[in-house]
Every structure is written in C-alpha cells, then in structure tokens.
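# No sequence on hand, only this structure:
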C-alpha cells in the first residue's frame, strides 16, 4: 500500500461524489494505483449517498493540501480564487501534485501555477476542467504533439448548447428555456458564467495554450454570450441552411493567437452542427493530422470523475508531463492576434414594415462593397416590425459593421442590426494525401 | 544530441515519406526529442521527393533493427509476417522500442510481441495502426483508464466507407465504385483485405484488447465484408431511415468479448451515420464517462505520420506504457462471447413477382414469432424480380435465420434473403447525471 499514490479530494459536490464512487468500486483501476486517504468539503455531514467515514476529514482544504500524508490534491472546489487557489498553491509549493477540474482557476492563474509546479517538480493536470469526459486536453497535448495546430473550435459549454438545442427543437424563447434549465438544475441561479460565454472562454484559453504552445491568456479572449440569440435567428438561419451554436474558437494567425467565443452559424455539414443537447465537442485543425473531432459528455458526475481518474492514473503511472505540454519557459508569450476579420456573416434586421427598406439595406451594403449571398424575409402577422435576415459573401467585419451602422442611421430598423459570423465547415487543412 | 532518441525507419512508402517530411521540418517537435539516423526500404533509389542521403541506409530492415545505433524502430513495412515481423522481433529482443503502423502484424502476433517487449523492457506502440491520425489507441488506453468499457463501435476502414458513401451519393454499384477507387489508388488491386472486412477486423482486435483489458484475439473476430451490399440495399434502407456502414464492433458480454465486423444499418442520428467518405471514427461506450466519439482521417501520409510522431514523442518523454494498457499477464485470456444474438434486423428479399409472396414471407416470420417493424416494396420496371425489404422488431438472429431459410425453401424468392443487423443509436450507458 505504501507505494500507492495517496489522494486527497477537496470538494465533495457532484464530481467529488462521482470520484468517491469510483474509489468505492473495488474493480475500478483507480484502486490498483492509488489510495484515497483524505477528504475536505464545506459540510461534513451533508447526505452524499456515500460513506466518507474511512477517510481523514479536513474542514480546511488548505490544511489538507499542506498535509504531508497526501501526494495528490484533487481540487474540485471551484472558483478562480479563495480556498481553491490557496489549496492548489499549498500543494504545489510542497511538491504535491494537483488534479483540477477548476477551469476558472487554471485559465486565470495558469501561468503562475504552471511555473510554481515546475519549480517544485509537482504536476498540475486539468483534463476534467475542459470538456468533462472528452479527452480534449490529452488529445491536444499528446496526440497532436507532432503536429502544428492551425485552429480549434469547440462547443465547450453544455448549458448554452442545451438552451440553443431546446430553442430550436421546441420553438421556445431563450428566457423560457433558461428558466426551465434553472428549475431542472442544468443552469445556475446566476447563469452569467454559462450563457455569457465566460465558462467557454476559460476552457478555450486552456485549450488554445496547449494547441498553440502559448501561455494561457484568458484576458484576451473576446467573449460574447447567447443572451441575444432569438428564436427568430434560429428559425431564419435554419431556413438558410444553418444552425446556431456558441462556438469557442482559437486560431493561430500572424504569429499570434486569436481567441473568441461567440454564437455563430454552422452549415448542417459542419462537424459541430449536430452536437446537440448538453454534449461538448472539439474540432482540431492541424497538420499533418488533418481535422479531428471529439464528442462526448462535457459535464456531470460520471464524465468529469472519469477525467479526474485518468489524470490520477497518468500520475500514478509516471506519465504526467507539463501542464501545457511543454516547459513553461518554452511557451510563447502569446502575441494577441485579432480574430479573423474577413469571412461570411449573418445579419438580422428588425425592419420597419414600409416601402424602401430593402433598397436602403442593399444600398448601404453595396456602399461598403459587401455582396449579399442569401436574403430572407418572411411574412409576419403581429406588429409593424419585420425580421429580415441576410448572409454575406466574404467581406471584412469592419466594413459590415460600418454598413450596419449606416443602416441603423437610415432609420429603417427598429433596433441595431444583429451580426453573427458563419463558420465554414471545411477543414482549413487537409491531410497531404488528399491534396 | 547524444541524449536524443535515435530512430530508424523501415519502409519508405506513403507513411514513411510523411514521417521523413516531419523530420525534415526544423520546426517539428520530433526534432526536439529525437534524431532520425537510419532508413531501410526495398528500393534505395526510388524517387520519393525527399533526400535520404543524410541517413544510414540498410538494405535489410532486420539488420537495421539489430543495429545498436537505433533506440527505436519505426516499422512501416506492413504484412503480418516476413521482414516486418522479423525486424520487430529483432528490435524488441535487444530492448529497442518499436513504433508500428502494422495492424496485421500486431493483431495477429500482438500477444507474443507484447510479452517479448515486456521481457526486455522495450515498448511497442501502435497508434498509427488503427484509425490513422485519430488517437483511438491512446484514448482507450489512457483517457478511459478509470472507466469500464461496455462496447466500442467503429468505422475503421476508409476504403469501405468511401465505397458505401459513393454508392449512396452517386447511385452507383459496388463494382463501379470499387473499380474507380482502384484506378484512383484508394483501393488495392486485390481489395479483399479492405472490402472483405479483414483490415477492419485487425484494427478491431487491437482496440478491443485495450478497451476490455483482454489479450488480442483476431482469430475470433466474426468478419463479413461489404461485397454483398447492393445499391438496392442502400436505397431501400435510406427510405426506411437508415444508412449502411461497415461497422467493427466489440462488446463485453457474459464475461467475454464478442467482436464482429459486418455491414449494418444505422439510424441517421447514430453518431457514426454521418461519418462519410474515407473518414474513420470510433464510438466508445463506457462508464462513468458516457459515450465518446472520435472522428478523423483514418489513413494517408499525413494523418498516419502524425500518429507515428505522437508515439515517438511519448517514447522520448518517457510516457510510453504497456502495449495494451496493462502488463501482459494482467490481460484476460478473452472468453469469446458470441456477438449479441438479439436485436433488430434488416431483411432484403428478391421476390418473384407473383401473388402470395408477401403472405408467404409474413407467414414464415410469424411462425418464428418475429414481428415486422417496417415493410417496403417499391415498383420495378425491369424484370420479374421485386426487391422487398423489411425491418424486424427485436428478435433472435437464429429465429430470423430459420425464417429466412423457410422463405427460401418456399420458392418465392430468386436468391437467399439478405440479413443485416440494425445498430441502435442510443448509448448503452449514460453518464450518471442523466439517469
């Protein structure tokens, strides 16, 4: 027993409960490699459906992290600061490893934590922080280690994907689906982290760091949530052959990395278009591997516990490497590139129902040299405002924003035009064999 | 330089050429970790578009494998016996590692090779042997190491998937698409390994060993190819809501492992249904991770070279473990279970165009207690034989085969009824959070 890795788990919520169930299963491979010795949580006596009396109890996770009797801290507390950060630092400081499901902590403080870990010889692993049970971190860090990644694009927040899927499937409004998700416990009482795109942005910062060999740089993710996506957008995009998803995208561009989270239109043949409900997925576009797609359960007790277990077994087997795939000093200080400016776009206008609107819109677009690819207006039977949507051919976003401003100034729309990018479905890279 | 891993590449065909391009790229991470010192191929002077003069040349790959100046043999020769096997054994024998893209070799001789490697402390890795650039081996071996896999199902042969995709998209016959694929170099002159299902069976044996912790057991894969799939099958299955794919499936059942490769019908919502052209994919159904799907390029120079490179970097970084994920002695001697017998099936009858056929068919099915779920007959305008297809409700395959025999004996069909299983799309396991 003494050669087994000794594990302390801080945080006994959903994921912690799942992990304890794995340790309670005598057939689980986690028990071949390590032993759970200690636990810590806010409330010792809360009913968890699992017996914790065999483990040493700590009221304070930092005290547990400082305890020389554990070799690995599993940090499932959450939050980018406070006890999660202090416990993580305390463990790494004394050379104990950390397995973390805490995307906010690692996205925001990942640089300092990676450096600290390397200075003491500890490892910090975070497969569970991104994509739940989908091994996105390991795939980018190890399976693509011989490749050059050009772009990654993911559906990284199950709550947003669930809401968008339900809006489309049930013809329901954002507010309606969100409040149901809150009732069912799929969304937080304060949903901002999820629907505002911040949770996806945390995860994107981590994946981009690994994919592009750069230091994590959460502050420079451009973030837009799904609060402004309406049922009209979803329906009219659908009629034009697109589905709306919250896409977290990282691109290597001009020697830098551009990261953005935003709702986008995907053609039905895009590898992420059919990822529905609370599933998560990642598409990695690298050379010479070609495009790879990974899909699975991005959250929840079982999937996330399985990712924690995989990290623990990597540690026990001596397979754990650097947090972001290379020594911290080798990671580039990311040159922040602006997200790709040129592309195709969707524009939705809430037009006044009177003659001349279409002419005014197409005039303003033509003035900015923007060609329309498709145009859709549907009859409405309630009120004086008519939704008009159009998609552009490839154009500059700045030009499109100028045209949108001019359309708004022309007084033909009831609210500012709404813009969303269209994600192209083809891989930017193809395997050599298919060139 | 002396601390870098020294690599010898045996076989300079498509994949070997791709690997040499990676080594020729000064920015590639393979050059941080190792150095290519030696190469061997059948023909030294063949034009490869890549300069091999800097590497030590061996006419005989076995001699190269025996050479103490390489630490790793990359075996890209192919074939389950002959020089590929002798070179692999020679390297492992003296404790040198092997990275292999040779599915036939590892599927058929994997037991002996894994034992040999463990006896000398060498590693044998084969990510490139399965799924090309898709990291199926690592995902099963490491990312699901804390999980229990129940079933895996994959599209593991790009040639078959290309043929089936083209038949459906272009309304063309099997023979027509195959001969075009042969002209284009996508299919071998003797296509049996691919279209007969044997290549997929090799890969399935490897993935099943890892997923279920059992010794590889290629001999007990039940193999059926796509040669008998007709355009009529594809069209009529399509009208009933299914697509036909060659599915390689491994299941943990009755304490054993059942493996089979066969064309099967997939509902359009099955995660493998939209994997088109030469793509490969794997769906792993495990607990508590829930269902995971991996999709990408299953063959070709770039994807396969990237998988070789990932294995090499794992070796250089000291991350390489046991060939099948655990010490050979811990792998179960697979109890061979029969593939699941009960399920829903598709049956195609080439019926004589005369009264009473439908009655005769439904009589024979009823006699075996088999309920029909859907039934489709379409008008034909050429000849006296009418295709009739039906899908059953859940029934026993043995009962269905008995009914098929009885239908044939009744003299109402022009050829033996054709049976294919229907793959259910739902995950057999769900993450705990969704129960």
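Alright, I've got the coordinates. Source: prediction; values computed, not measured.
# which helices and strands sit right next to the lengthiest helix in chain A?
In chain A, taking DSSP state H as the definition, the longest helix is helix A:103-120. Using 3 or more C-beta pairs under 8 Å, 6 or more residues apart in numbering or on different chains; DSSP states H and E, the elements in contact with helix A:103-120 are helix A:83-93, strand A:97-100, strand A:124-125, helix A:198-212. For every residue, glycine as well, the C-beta is placed using N, CA and C.
# For chain B, give me its nearest residue in the stretch 51-200 of chain A.
Residue of the stretch 51-200 of chain A nearest chain B, by C-beta to the nearest C-beta: residue A:146 (2.6 Å).
# quick one, what contacts the nearest residue to that residue once chain neighbours are set aside?
Distances taken as C-beta to C-beta, 6 or more residues apart in numbering or on different chains put residue B:309 closest to residue A:146, at 2.6 Å, once the chain neighbours are dropped. Residues in contact with residue B:309, defined by C-beta atoms under 8 Å, 6 or more residues apart in numbering or on different chains, are A:145, A:146, A:147, B:19, B:22, B:28, B:29, B:30.
# The fourth one - how many residues pack around it?
Spelled out, that is residue B:19. Using other C-beta atoms under 10 Å in any protein chain shown, residue B:19 has 34 neighbouring residues.
# Buried residues in the strand or helix carrying it, which are they?
Residue B:19 is part of helix B:14-24 when elements are defined by DSSP states H and E. Within helix B:14-24, the residues that count as buried by 16 or more other C-beta atoms under 10 Å in any protein chain shown are B:14, B:15, B:16, B:17, B:18, B:19, B:20, B:21, B:22, B:23.
# again with stretch A:218-225
Using 16+ other C-beta under 10 Å as the test for burial, stretch A:218-225 gives A:218, A:220, A:221, A:223, A:224, A:225.
# Among those, which lie within strands?
A:221, A:223 (DSSP state E).
# for chain B, what are the nearby residues on the stretch 301-435 of chain A?
Proximity of the stretch 301-435 of chain A to chain B, by C-beta under 8 Å from any C-beta of the partner chain, involves residues A:301-303, A:305-310, A:312-314, A:317-319, A:321, A:431-434.
# Report the separation between residue A:76 and residue B:186.
Residue A:76 sits 48 Å away from residue B:186, going by C-beta to C-beta, to the nearest Å.
# could you pull out the helices for chain A?
Here chain A has its helices, by DSSP H, at A:14-24, A:30-33, A:61-66, A:83-93, A:103-120, A:136-138, A:158-170, A:174-184, A:192-195, A:198-212, A:231-239, A:301-316, A:357-367, A:397-409.
# quick one: is the first one near chain B?
Yes - Helix A:14-24 is in contact with chain B by C-beta under 8 Å from any C-beta, via A:14, A:18, A:21, A:22.
# low-confidence ranges in the stretch 301-435 of chain A?
A:426-435 (pLDDT under 70).
# repeat that for 80
A:334-335, A:337-340, A:380-383, A:425-435 (pLDDT under 80).
# chain center to stretch A:317-325, what's the gap?
Relative to the centre of its chain, stretch A:317-325 is centred 22 Å away, using C-alpha atoms, centre = their mean, to the nearest Å.
# ugh, typo on my part, it should be stretch A:352-368
Distance, centroid of stretch A:352-368 to centroid of chain: 37 Å (C-alpha atoms, centre = their mean).
# Would you mind giving the domain segments of chain A?
Using automatic domain parsing, the domain parsing of chain A gives A:5-129, A:136-297, A:342-423.
# just the ones you listed: most buried one?
domain A:136-297 (a mean of 22; mean count of other C-beta atoms under 10 Å in any protein chain shown).
# End to end on that domain, go ahead and measure it.
12 Å (C-alpha to C-alpha, to the nearest Å).
# Around chain B, pick out the residues from the stretch 151-300 of chain A.
Residues of the stretch 151-300 of chain A lying near chain B by C-beta under 8 Å from any C-beta: A:271, A:274, A:286-297, A:299-300.
# same thing but 6 Å
With the criterion set to C-beta under 6 Å from any C-beta of the partner chain, the stretch 151-300 of chain A comes near chain B through A:288, A:289, A:290, A:292, A:293, A:294, A:295, A:296, A:297, A:300.
# does the fifth one really touch residue A:271, like I thought?
Yes - at 4.5 Å, residue A:293 counts as touching residue A:271 under the criterion of C-beta atoms under 6 Å.
# Give the residues shared as contacts by those two.
Shared contacts of residue A:293 and residue A:271 (C-beta atoms under 6 Å, 6 or more residues apart in numbering or on different chains): residue A:283.
# quick check, nearest of the buried residues of stretch A:218-225 to residue A:43?
residue A:218 (30.4 Å; C-beta to C-beta).
# so what's that closest one up against?
By C-beta under 6 Å, 6+ apart, the contact list for residue A:218 reads A:107, A:108, A:205.
# Kindly report the same for residue A:252.
So residue A:252 contacts A:150, A:212 (C-beta under 6 Å, 6+ apart).
# beta partners of it?
Beta-bridge pairing for residue A:252 (DSSP bridges): residue A:257.
# Can you give me the distance of it to chain B?
Distance from residue A:252 to chain B, counting by C-beta to the nearest C-beta, to the nearest Å: 13 Å.
# gap between that residue and residue A:399?
Between residue A:252 and residue A:399 the computed distance is 24 Å (C-beta to C-beta).
# Pick out whichever of the buried residues of helix B:14-24 sits closest to residue B:229.
Of all the buried residues of helix B:14-24, residue B:14 has the smallest distance to residue B:229: 27.5 Å, by C-beta to C-beta.
# Help me confirm that the closest one comes into contact with residue B:303.
No - counting by C-beta under 6 Å, residue B:14 does not reach residue B:303; the two are 10.6 Å apart.
# measure residue A:388 to residue A:411 for me?
Distance, residue A:388 to residue A:411, using C-beta to C-beta: 15 Å.
# Could you list the low-pLDDT ranges of the stretch 1-150 of chain A?
If you take pLDDT under 80 as the line, the stretch 1-150 of chain A has these spans: A:1-3.
# List, one by one, the residues from it near chain B.
Counting by C-beta under 6 Å from any C-beta, the stretch 1-150 of chain A sits next to chain B at A:29, A:30, A:133, A:135, A:138, A:139, A:143, A:145, A:146, A:147.
# Tell me which residues touch the second one, please.
Listed by C-beta under 6 Å, 6+ apart, the contact set of residue A:30 reads A:22, A:23, A:309, B:146.
# before we move on, what about the last one?
Under the criterion of C-beta under 6 Å, 6+ apart, the contact partners of residue A:147 comprise A:286, A:289, B:306.
# Enumerate the beta-bridge partners assigned to residue A:372.
Residue A:372 has the following beta-bridge partners by DSSP bridges: residue A:392.
# Does it touch residue A:390 like I think?
Yes - Residue A:372 lies in contact with residue A:390 (C-beta under 6 Å); the separation is 5.3 Å.
# For residue A:228, which non-adjacent residue is closest in space?
residue A:418 (6.6 Å).
# ok, so what distance separates the one you found from residue A:339?
In terms of C-beta to C-beta, residue A:418 sits 18 Å off from residue A:339.
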